[in-house]
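Output the structure for:
(one chain, ligands or ions: 2)
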Amino acid sequence: MINARISKPQRLPATPLAFVWHFLRQGHMAGIAVTVAISVIVAVVEAGGTFAFGELINALAADPPDSTAPASTLLPIADPVFIFAVVVGFWMVPPIALRLLGAYLGRFQSDLRARIHDEVLGYVLGHAPRFFLDEGSGSVGHRIRTSALAAYLVIEFLFFRLTRFAALVLIALIMASAQAPRLVPVFAIFVAMFVILSFWGARLCWPYGRSLSAASTAQSGRKVDVVANWDTVLSFARASFEQLQLRPISDREAKAKVRWVDSQSIMGIVLQMIAMAFVVTIGWQGLADAQAGELTVGLFATIMTLALLIAGHLASLGDQFLQFSEQYTQLVDCLEVIARPHEIIDTPGASDLTVVRGAVEFRDLHFGYSESAKVFSGLSLSIRGGARVGLVGPSGAGKSTLIKLMRRQFPWQQGSILIDGQNIADVKWESLHHAVAEVPQSPTLFHRSVRDNILYGRPDADEAALLAAAKSAHCHEFIVARPKGYDAVVGERGMKLSGGERQRVAIARAFLKNAPILILDEATSSLDGEAENLIQDALLKLMDGRTVIAIAHRLSTIMHLDRIIVLDAGRIVEQGSHTELLALNGAYARLWQHQAGGFI
Ligand SMILES: Nc1ncnc2c1ncn2[C@@H]1O[C@H](COP(=O)(O)OP(=O)(O)OP(=O)(O)O)[C@@H](O)[C@H]1O
Ligand SMILES: [Mg+2]
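Ligands and ions are numbered 1, 2, ... in the order given. Presented below is the predicted three-dimensional model:
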């Protein structure tokens, strides 16, 4: 089974470093070891190159140049040609090593980001409907994408850029303490200043990063919402309107970006000035020492080159640190939403729901979408296994809410819902989804082939089962009439099919799913004539041998069911068969007369 192969993440670390660590741990430690090793090697070679350069100058300054005398050189041979070869060697290694590392990091990045995407998507799909209703799919999609990229960039900064710099500074400090100890305090003070200022600057820029992140998400969410509703935009000729509506949101993002870039530039200038002051101070001190005869010319050249190298790193690391803090902020923003704990979780040790007869019972159910929007206050209803029940009532009575609760899409405040005596809050949520099939009023299909859409009900079904389901649902005829048949792609949300065809694909899907409990929410409300006859026929077949709860406004579609329940303002006001309810001469009879008067 597909589900068995992919582990479902139950939790996602909610802080950036824990999030990053969670993914590194899963088979990426070797990649990190390679990155750190190459970063350190490059730093060692870069620092070594400056010392070899100093040695070269010392060797040339020796009067006359002597290849046999050990002079003051640290290298085993003082021949300038040999030292020059060493300098060139040192000079050539870092760019090549960095290119190789770049190629490696490209692969590492693709692999890591793919894993993050997969796992984050798996976790996000475990959220309850309220999450998607509140956040919007555009923003969620944006956050999934951003979290993967930001996590990679955080890793790259920590294990490549920062490591390389730290290694370089450490080596410089060790070398300086051996060769020019008077310069060590200057080194140490500047590095400390730089680190403190970077962190302080990042904290100062933090709010700008946060507002930029929020503005980008809002803009992205809006764009996806507009594109997803392109048909509405088109039918109301509101393209310019949408552009105008988007403008302030885009402006807000642009302004947030400018503030962020400005704050980065100011920090960049400050850090650049520190880097310059560092070079000048080291140079000044070194010059004094050289004039006093405490430093050789070569060592002075080494120290200046090293200082320039570190200053270059300091300045670019400043920029990178600010970019890192931007990515870090974005990751915080993404995780605040996507890594939120799931609203509906299985109780520890929950077992699978086992359905034998398919009896459903609502016991003293209290539910409201919010404190002020109560829908049910103590609803009780019992449906025996295999019964076919119609649910009617005015708009807003709570019919759809009742079946959403039956699928445990929202947590209720009090009471219980039992299926064959098992409280659905205590069984595995996924097993409940397996037990209940729903054909909604306007089913949406995936932008995939019609075959894939039907097989969604049971991905491992064979061709014979697929065809049987399609035939029972009266889909087969219109599918084979198309040139690509079952492989025809149905368009976004199934828009290349008619409403009735979409409905029949959804029914075929439910046939394949073969769940013991069936829910129909206005499954035939928007259809008429031939399409409705086909669908009614398909639904009758689908209902066979299952417990059915069918919501309908048009009473003619449910009048033949075993029992009809009339719901009003979250309360059951009448129940019984069609004839019993007519005899009662109450709410149902009034509805019936109203519809018989011209709506059937
Ligand atoms: N996700 C939601 N968040 C907040 N309130 C909601 C939500 N969904 C529905 N409601 C509210 O709950 C009440 C019951 O809605 P419900 O969809 O159950 O009515 P219904 O009986 O199915 O109506 P209709 O016949 O129009 O489909 C309504 O007042 C509705 O506005
Ligand atoms: Mg409804």
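
Pick out the residue of the stretch 151-300 of the chain closest to ligand 1.
Closest approach between the stretch 151-300 of the chain and ligand 1, counting by Cβ to the nearest ligand atom: D225, at 16.9 Å. Heads up, the C-betas are built off the backbone N, CA and C, glycines and all.

same for the helix or strand harbouring that residue, what does it pack against?
For D225, the host element (DSSP states H and E) is helix 184-228. Secondary-structure packing of helix 184-228 (3 or more Cβ pairs under 8 Å, 6 or more residues apart in numbering; DSSP states H and E): helix 137-156, helix 162-179, helix 239-291, helix 297-338.

Now do the same contact list for the residue nearest to the spatial centre of the chain.
In the chain, the residue lying closest to the centroid (Cα atoms, centre = their mean) is I144, at 2.0 Å. By Cβ atoms under 8 Å, 6 or more residues apart in numbering, the contact list for I144 reads 117, 120-121, 124, 334, 338.

go again using 7 Å as the cut-off
Going by Cβ atoms under 7 Å, 6 or more residues apart in numbering, I144 touches 117, 120-121, 124, 338.

what would those residues look like in a markdown table with pLDDT and secondary structure?
Shown next, in a markdown table, are those (pLDDT from 0 to 100; DSSP: H, G, I helix; E, B strand; the rest coil):
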| residue | pLDDT | secondary structure |
| --- | --- | --- |
| H117 | 92 | helix |
| V120 | 94 | helix |
| L121 | 94 | helix |
| V124 | 95 | helix |
| I338 | 94 | helix |
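
Closest to ligand 1 out of those?
V124 (18.5 Å).

Is there a neighbour count for the spatially closest residue to that closest one that is not a sequence neighbour? I'd like the number.
Leaving out its chain neighbours, the residue that sits closest to V124 by Cβ to Cβ, 6 or more residues apart in numbering is I338, at 5.5 Å. Using other Cβ atoms under 10 Å, I338 is surrounded by 23 other residues.

Then G201?
Neighbour count for G201, taken as other Cβ under 10 Å: 21.

measure the residue nearest to the centre of the chain to ligand 1 for me?
Between I144 and ligand 1 the distance is 23 Å, computed by Cβ to the nearest ligand atom, to the nearest Å.

Check A461 too.
A461 is 32 Å from ligand 1, by Cβ to the nearest ligand atom.

R458: what's it in contact with?
Here R458 is in contact with 512-513 (Cβ under 7 Å, 6+ apart).

May I have the secondary structure class of L381?
strand (DSSP: H, G, I helix; E, B strand; the rest coil).

what's the closest non-adjacent residue to it?
F362 (4.4 Å).

quick one, strands of the stretch 401-550 of the chain?
414-419, 422-423, 436-439, 517-521, 547-551 (DSSP state E, counting those that start in this stretch).

Select, out of those, the one closest to R247.
Smallest distance to R247 across the strands of the stretch 401-550 of the chain (Cβ to Cβ): 38.4 Å, for strand 517-521.

what about the closest one, average pLDDT?
Strand 517-521 carries an average pLDDT of 93.

Then stretch 147-163?
pLDDT averaged over stretch 147-163 gives 92.

which residues are contacting that stretch?
By Cβ under 7 Å, 6+ apart, the residues outside stretch 147-163 that reach it are 16, 19-20, 23-24, 32, 35-36, 39-40, 105, 109, 112-113, 116-117, 120, 317, 320, 324, 327-328, 330-331, 334-335, 338.

hmm, back to that, kindly reformat the strands of the stretch 401-550 of the chain as a markdown table containing mean neighbour count and distance to ligand 1.
As requested, the strands of the stretch 401-550 of the chain are exported to a markdown table (neighbours: other Cβ atoms under 10 Å; distance: least, Cβ to the nearest ligand atom, whole Å):
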| stretch | mean neighbour count | distance to ligand 1 |
| --- | --- | --- |
| strand 414-419 | 18 | 15 |
| strand 422-423 | 16 | 22 |
| strand 436-439 | 23 | 13 |
| strand 517-521 | 24 | 7 |
| strand 547-551 | 25 | 7 |
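
a markdown table for those strands, including distance to L591?
Listed next are the strands of the stretch 401-550 of the chain as a markdown table, based on distance: least, Cβ to Cβ, whole Å:
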| stretch | distance to L591 |
| --- | --- |
| strand 414-419 | 27 |
| strand 422-423 | 34 |
| strand 436-439 | 23 |
| strand 517-521 | 18 |
| strand 547-551 | 14 |
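
Of all those, which one is nearest T217?
Of the strands of the stretch 401-550 of the chain, nearest to T217 by Cβ to Cβ is strand 436-439, at 31.1 Å.

Which strands or helices does the closest one pack on?
When contacts are defined as 3 or more Cβ pairs under 7 Å, 6 or more residues apart in numbering; DSSP states H and E, strand 436-439 sits against helix 499-513, strand 517-521.

Check the average confidence over that strand, would you?
93.

Just put the helices and strands packed on helix 184-228 in a markdown table and tack on distance to A425.
As requested, these are exported to a markdown table (distance: least, Cβ to Cβ, whole Å):
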| stretch | distance to A425 |
| --- | --- |
| helix 137-156 | 26 |
| helix 162-179 | 48 |
| helix 239-291 | 40 |
| helix 297-338 | 25 |
